[in-house]
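Enquirer: model this:
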Amino acid sequence: MVAMGNPDTARHTAVLVPGTGTQLDKFTGQISRIDKLQDAAGRRTPGAGADVSVISWMDYDAPEPDLSVATRGRAEAGAQDLRDFTQGLRSAHQGDPTHLTVIGHSYGSTMAGAADAGGAGLGADDVLVVGSPGLTVERADQLHVAPSHLWVGAAKDDLVSNDFSGLTLGEDPKEPGFGAQRMYVDTAGHSGYWDEGSQSLNNQGRIIAGKTPEGPRS
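Expert: Below is the predicted model:
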């Protein structure tokens, strides 16, 4: 676990759960992503970076790029650990409760879905998934987070979202019938959601800061 900002005092806290093949030797990329997210959210809060903490959480056995990625086993095995982590953030926080967002990318969204579906859920104010192959559930209302605060971002050419959602990991969360909210994305591919200057990144920052994401720029 690595944090940008202080999660014990931040008004807005986000937990980024990465996906397939994310190991410690690739952690530099995760640090870059949480740095960008903290900056994108901080631009929308009075205290800038001091108001925001973004954490990369890797305390689960992310699947390798093999058949394990098509099963729910790794997500279900780590679900309680993620619930314990977010509940710990709540307990350790000083002052008024933080606005908590959980972000899942790729299989990390499956991990977040399994955690929020079980037990008492994640206790998140918002859950955001990008490039998701499924959240282990059939409908948004089977999660603890309110469907109005479940956000789904998917690039038009994201092969994981397009080709694997709705198969073995739950129904496709970007479909209207699922009941989630779509977040506008202007980036390409499965890993472009954090591109500098993109609306994809800006909208993630808005959600972390407790604001509604925006549509295409005019």
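
Enquirer: pretty sure Gln142 is touching Ala117, no?
Expert: Yes - the criterion here is C-beta atoms under 8 Å, and Gln142 meets it with Ala117 at 6.0 Å. Bear in mind the C-beta positions are built from the backbone N, C-alpha and C, glycine included.

Enquirer: what sits against the residue most central in space within the chain?
Expert: Central residue of the chain (C-alpha atoms, centre = their mean): Ile103, 1.0 Å from the mean position. By C-beta atoms under 8 Å, 6 or more residues apart in numbering, Ile103 lies in contact with 14-17, 37, 112, 127-130, 204.

Enquirer: same thing with Arg182?
Expert: Contact partners of Arg182, counting by C-beta under 8 Å, 6+ apart, are 151-153, 174.

Enquirer: which one of these is nearest to Gly197?
Expert: Gly153 (16.2 Å; C-beta to C-beta).

Enquirer: and the closest one, its phi and psi?
Expert: Per-residue torsions, Gly153: phi -110, psi 130 (degrees, to the nearest 10).

Enquirer: please shift the residue numbers so they start at 42 in all later answers.
Expert: Sounds good: first residue 42 from here, last item Gly194.

Enquirer: what residues are up against it?
Expert: 169-172, 223-226, 234, 241, 244-245.

Enquirer: for those residues, could you give me a markdown table that also reports secondary structure and distance to Pro188?
Expert: Shown next, in a markdown table, are those (DSSP: H, G, I helix; E, B strand; the rest coil; distance: C-beta to C-beta, whole Å):
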| residue | secondary structure | distance to Pro188 |
| --- | --- | --- |
| Leu169 | strand | 13 |
| Val170 | strand | 13 |
| Val171 | strand | 17 |
| Gly172 | coil | 20 |
| Arg223 | strand | 12 |
| Met224 | coil | 14 |
| Tyr225 | coil | 18 |
| Val226 | coil | 19 |
| Tyr234 | coil | 21 |
| Ser241 | helix | 21 |
| Asn244 | helix | 18 |
| Gln245 | helix | 19 |
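
Enquirer: so where's the protein shaky on pLDDT?
Expert: Applying pLDDT under 70 to the chain flags residues 62-68, 106-109, 259.

Enquirer: circling back to that earlier point, can you list the contacts of Arg223 in CSV and add secondary structure and distance to Asp49?
Expert: Formatted as CSV, the contacts of Arg223 follow (three-state DSSP; distance: C-beta to C-beta, whole Å):
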residue, secondary structure, distance to Asp49
Trp192, strand, 26
Val193, strand, 30
Gly194, strand, 29
Lys215, coil, 35
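
Enquirer: okay if I get the residues you listed as JSON lines plus distance to Val43?
Expert: Shown next, in JSON lines, are these (distance: C-beta to C-beta, whole Å):
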{"residue": "Trp192", "distance to Val43": "23"}
{"residue": "Val193", "distance to Val43": "26"}
{"residue": "Gly194", "distance to Val43": "23"}
{"residue": "Lys215", "distance to Val43": "29"}
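
Enquirer: wait, Ser202 sits on Gly175?
Expert: No - using C-beta under 8 Å, Ser202 makes no contact with Gly175, being 9.6 Å away.

Enquirer: overlap in contacts, those two.
Expert: Jointly contacting Ser202 and Gly175 under the rule C-beta under 8 Å, 6+ apart are Asp213.

Enquirer: any buried residues in the lengthiest helix in the chain, and which?
Expert: When the chain is scanned for its longest helix (criterion: DSSP state H), the result is helix 114-133. Within helix 114-133, the residues scored as buried using 16 or more other C-beta atoms under 10 Å are 115-117, 119-120, 123-124, 126-127, 130.
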